[in-house]
Every structure is written in C-alpha cells, then in structure tokens.
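In: Sequence first, then the predicted structure:
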Amino acid sequence: MHIPFCRHRCHYCDFHFSVSQRYRPQLLSALRRELELTSHYFAHRRLSTLYFGGGTPSILSLSEWESLFDAIRTIYSIEDLKECTVECNPEDITAELLELWHAHGVDRISLGVQSFRNEDLRYLGRRHDAMQIHRVLDSILRSDISKISIDLIYGIPTMTMDGLVENLRLVEQYDIPHFSAYALTVERRTALYHFIQKGKCTPPDDSVIVEQMKLLMDWAQHTGYRQYEISNFAKPGHESQHNLVYWHQQPYLGVGPSAHSYDGHRRRHHVVASNLAYIRSLRSGVLPHRVEYLSDEDLYNELILTRLRLEEGIPKDQLLGFPSAMVDHFCDSIEPFVQKGWVSETPSAWCLTAQGKPWADAIAREVFYIRS
Ligand code: SF4
C-alpha cells in the first residue's frame, strides 16, 4: 500500500509523493475505494503479507491508521499474516504509534536510517539526525514489534571507508536482524542532480561505490548476515517475506498512486502516479489503472533482472522453459561472465559470485533479450 506523502523532499529521492498534505483525507478515501474495487483481485481474501510503503506511511495519524486497518479488514482476512511491515522515518515514531501498529498486527518496522552520521544525513537532505535514530531504535527494540529492518545508503561522498565501518559497527551493536544497503544513485528529477550540475555538491564516485560494496559484503559474511539479495542482508530466518514475493514472480496487489500489481502470469497493472488524478478517478468509481500484458520477452527480462540479484540465482528449470531463441541468447551472453569468474554455474542455477556482484546491472544488460 503506497502512502504518497512526505514531510519534506530528500535530495536524492525520485519516488512518487507529495509534500503538501492538503488532499490527505481525500486520498485516504480514494485508497479505501480502490481497496473495495479491487476486492476480487485474489480468489481468496486472505493476505499472507502486508506492506505499507511510500512516501512515508509513518506520517499518518493514529485515527488515519485506525481507519486504514478497518478498511483492509472489511475486505481481507489478515489473521494469518506472515509479515506486516510499515516503512518509517525516525522523526515520526511515537510510543502510541508503535502500540497501535502492534495491536493491528504490524510485526516489522523498516526504518529509513540511511546513515548514523550527521554529515551524510545532511548531504542526503534527510530531516533526522543521528541522535533521533538512536532514540528511535531504543524505543522500537523495547516495543512489542519483534522484527526490524533498516535502510542504509553507501557511496555518499561524505562517507569515507571508516564512516561506512562506523555505520556497520552500529548495525552490529544494535543486533539489527535485517538491513537493506543501496548504493547512492543520482536520478535526474532530484535536487541532488541539480546541486551536482551547479557544482554545489560532489557527485558519488563509482570506484568508491565498488570498494564500499566489497567492504560491506565482506563484513556481512563475517558477522553472520546472508546477502540473500544484492541489496538485502538478513540473519537466518529474517529475510523479507514480502519482497521475496516480488522477486519470485508471485502474485501481489499494489494499491495507492504509483503502485503496481502482478497476477503471477502475464498481467500487470500500474496505478496512476498523480495524487489528484487518483482521487478524481476513484471519486467517479473508475480504477486509475493502466494494464499491461507481458510478452515472453518481458517475462524473460524480468526473470533475469530479479533472479540474478538473488543469492539463489537464475533457476535453470525456469530459464529453459523460454523460447529457444532466448535460451540460446542467454547461454551465449552469460558464458563470458562465467569464464571471467563473475557468474558460477551450479547444477540448478546461474549465480553471481562475490566478484560479479558489483557488476550485476552490467551483466543483466548484456543478458537481456531485445528483439532486433
Ligand atoms: S526518501 Fe523517503 S522520506 Fe525522503 S522524500 Fe523519498 S520517500 Fe520521502
């Protein structure tokens, strides 16, 4: 469920959200309407995972959360949830919110830390500071919500290798069971892009990003984290159940502006990425969805994109089920990477090696099938 509001625009972010809170009540009514109109999406009405992302879900008030949970419960059984996550920003968390979430079945918090160091947080344009992170982590770890994941960013120009080590020490010290670590990327439609263009900010350095990724992978291996996906690290049993659904091409429903859904076969739909268009459409009872039917080529490219990033790799049985032109292309284009030692071939899959992981995107680009 995409909650498209933020208090402020972080310098590097190009997600869909609005900083104006003016249409929040209307948008939440539209969300409830979208839930009703998509209630037939699953044959059963039992959810196994639920994820509130955004934007900033933790921006919602207690009463807005109550009404959202009521709306979900009217349609779905959420008694058997395996995982229910709320994405949070450190500046929003209160004891009352934690209590309310727990009472409604939230058992996992994904906290947008990004870095424990104030100079990095200032570069990223985050609203919180290191003190707030420590305070909030203490209160989450004391709460009844049992699972926690944090987001980190590396490759920030203000972050030296020692700075990264400092962050990782704190992950260990707090015994965080799951974390996601992303390399800083500069997207065109962001403040960071413009600052760099105007010479007001130093751009990230690719060679530093690769070095920091290697340090991170080594550290994770020595401290008992499994890098089960390129950007995701978990202690055994703490892998994100919800994200594994996406990465395993299983069906899911996304609601809220800019969300997308997949039926597990060939149908995907995308919700309009505009709060006002979303509200208007649902007010007149029309789903603001753009439907897309996936070709073999789309399904093949998606399998490469998601599975190459997973520790388990690209499964041979699924890959070999594609038309022979794609299988031939795959075998020809993956071979140089196997020779280079960046990809290893096991009896059941092709997997990235530690040397190959920093080059996952470049490898995927070579292996994609694009009909000429
Ligand atoms: S990074 Fe998160 S909090 Fe910052 S603008 Fe993007 S969605 Fe909002």
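Out: Cool, got the structure. Predicted model only: the values in this text are computed from it and were never measured.
In: list the buried ones in the host helix or strand of T74?
Out: Assigned by DSSP states H and E, T74 falls within helix 62-75. For helix 62-75, the neighbour count (16 or more other CB atoms under 10 Å) marks W65, S67, L68, F69, A71, I72, I75 as buried. Placement of C-beta: from N, CA and C, glycine included.
In: Identify the residues contacting the second one.
Out: If a contact means CB atoms under 8 Å, 6 or more residues apart in numbering, then S67 has L28, R32 as its contacts.
In: what separates Y23 from the ligand, distance-wise?
Out: Distance of Y23 to the ligand, given as CB to the nearest ligand atom, to the nearest Å: 17 Å.
In: Dihedrals phi and psi, that residue?
Out: phi -100, psi 20 (degrees, to the nearest 10).
In: Number of residues surrounding it?
Out: Neighbours of Y23 under the rule other CB atoms under 10 Å: 17.
In: Am I right that it is in contact with I279?
Out: Yes: contact between Y23 and I279 holds when scored by CB atoms under 8 Å: they sit 6.1 Å apart.
In: sorry, back to before: with pLDDT and distance to the ligand added, can I get the buried residues of helix 62-75 in a markdown table?
Out: Formatted as a markdown table, the buried residues of helix 62-75 follow (pLDDT from 0 to 100; distance: CB to the nearest ligand atom, whole Å):
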| residue | pLDDT | distance to the ligand |
| --- | --- | --- |
| W65 | 98 | 18 |
| S67 | 97 | 22 |
| L68 | 97 | 18 |
| F69 | 97 | 22 |
| A71 | 96 | 22 |
| I72 | 96 | 22 |
| I75 | 95 | 26 |
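In: In CSV: those residues, plus distance to M131.
Out: Below are the buried residues of helix 62-75 laid out as CSV (distance: CB to CB, whole Å):
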residue, distance to M131
W65, 26
S67, 33
L68, 30
F69, 31
A71, 36
I72, 34
I75, 41
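In: May I ask which two of those residues are separated the most?
Out: The span of the buried residues of helix 62-75, defined through CB to CB, is set by W65 and I75 at 16.6 Å.
In: Residue numbers of the protein in contact with the ligand?
Out: Residues of the chain lying close to the ligand (CB under 6 Å from any ligand atom) are C6, R9, C10, C13, F15, F17, G54, G55, T56, N89, G112.
In: Pretty sure the first one sits against G53.
Out: No: the pair C6 and G53 does not pass the contact test of CB under 8 Å, sitting 11.9 Å apart.
In: now the strands for the stretch 251-372 of the chain?
Out: For the stretch 251-372 of the chain, the strands defined by DSSP state E, counting those that start in this stretch cover 260-262, 267-271, 289-293, 314-315, 343-345, 349-352.
In: Within its sheet, name the partner strands of the shortest one and how each one runs.
Out: Each strand pairing with strand 314-315, determined using DSSP bridges, is listed with its direction: strand 349-352 (antiparallel).
In: give me every residue that touches the nearest residue to W65 once chain neighbours are set aside.
Out: Leaving aside its sequence neighbours, W65 sits nearest to L100 (CB to CB, 6 or more residues apart in numbering; 5.8 Å). Contacts for L100 (CB under 8 Å, 6+ apart) come out as L62, W65, E66.
In: now the helix or strand where L100 lies: mean pLDDT?
Out: Using DSSP H and E, the element containing L100 is helix 95-103. Mean per-residue pLDDT for helix 95-103: 97.
In: Quick one: work out the angle between that helix and helix 62-75.
Out: Between helix 95-103 and helix 62-75, the angle formed by their directions is 10 degrees, by axes from the mean of the first three to the mean of the last three CA atoms, to 10 degrees.
In: Now do the buried residues in helix 95-103.
Out: L97, L98, L100, W101.
In: Please apply the same query to stretch 22-29.
Out: In stretch 22-29, residues buried by neighbour count (16+ other CB under 10 Å) are Y23, R24, Q26, L27, L28, S29.
In: check contacts around A183.
Out: Neighbours of A183 in contact, by CB under 8 Å, 6+ apart: I153, Y154, G155, P204, I209, Q212, M213.
In: Now do the same contact list for the residue in the stretch 51-200 of the chain positioned nearest to the ligand.
Out: Relative to the ligand, the nearest point of the stretch 51-200 of the chain is T56 (4.9 Å; CB to the nearest ligand atom). The contact partners of T56, taken as CB under 8 Å, 6+ apart, are I3, F5, C6, R7, F17, E87, C88, N89, D92.
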